[in-house]
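**Student:** Sequence plus predicted model, see below.
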Amino acid sequence: MSFIKEWGALLLSLLGICGGFCAYLRHDRKIKEQELRLNELQIKQFEKEEAKEKMAEMKANIIHSHGGIANIRFVNAGKNDAKHVRVDILSS
C-alpha cells in the first residue's frame, strides 16, 4: 500500500505521457499516409491535364451550297497538330 501511495502518481503520469506519445505517433503515421495518397492523386491529375493539353481538338463545319451539295470543313481548334485522324460519317 505504501508503494502505491509513494509512486502511484508518478506511475500514472508516466503512463499518461507514454499513451500521449503513442497516440501522437499513430496520428502522425495516418497523416503521412494521407499525404502520400493526396500526392499520388495530384500527380495523376497533373498527368491527365498534361495529356489533354497534348491532344488536338477537331471541329467540323457543314457548309451547304446550292443543289443540295454539302461540304464538310475540318478545323483544328486545339494547340497541337492533329495526326492520324479517322473520320466516320454516320448519316447524310
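**Tutor:** That came in fine, so what should we check first?
**Student:** low-scoring pLDDT stretches of this structure, where are they?
**Tutor:** Flagging of the chain using pLDDT under 70 yields the residue ranges 92.
**Student:** quick one: the strands in this structure?
**Tutor:** 58-64, 70-76 (DSSP state E).
**Student:** Nearest to Gly19, out of these?
**Tutor:** For the strands of the chain, the distance to Gly19 is smallest for strand 58-64, at 63.4 Å, taking CB to CB. All C-beta spots, glycine's among them, are computed from the backbone N, C-alpha and C.
**Student:** what helices or strands is that closest one leaning on?
**Tutor:** If contacts are counted by 3 or more CB pairs under 8 Å, 6 or more residues apart in numbering; DSSP states H and E, strand 58-64 sits against strand 70-76.
**Student:** who's in contact with the strand it packs on?
**Tutor:** Strand 70-76 has contacts (CB atoms under 8 Å, 6 or more residues apart in numbering) with 56-65, 82, 85, 87, 89.
**Student:** Just checking: what are the partner strands of it?
**Tutor:** Applying DSSP bridges, strand 70-76 is found paired with strand 58-64 (antiparallel).
**Student:** And the contacts of the partner strand?
**Tutor:** Contacts of strand 58-64 (CB under 8 Å, 6+ apart): 70-78, 82, 85.
**Student:** And stretch 40-57, by the same measure?
**Tutor:** Contacts of stretch 40-57 with the rest of the structure, by CB under 8 Å, 6+ apart, involve 76-83.
**Student:** still on that earlier bit, show me which pair in the contacts of strand 70-76 is furthest apart.
**Tutor:** With CB to CB as the measure, no two of the contacts of strand 70-76 lie farther apart than Ala56 and Ser65, at 27.5 Å.
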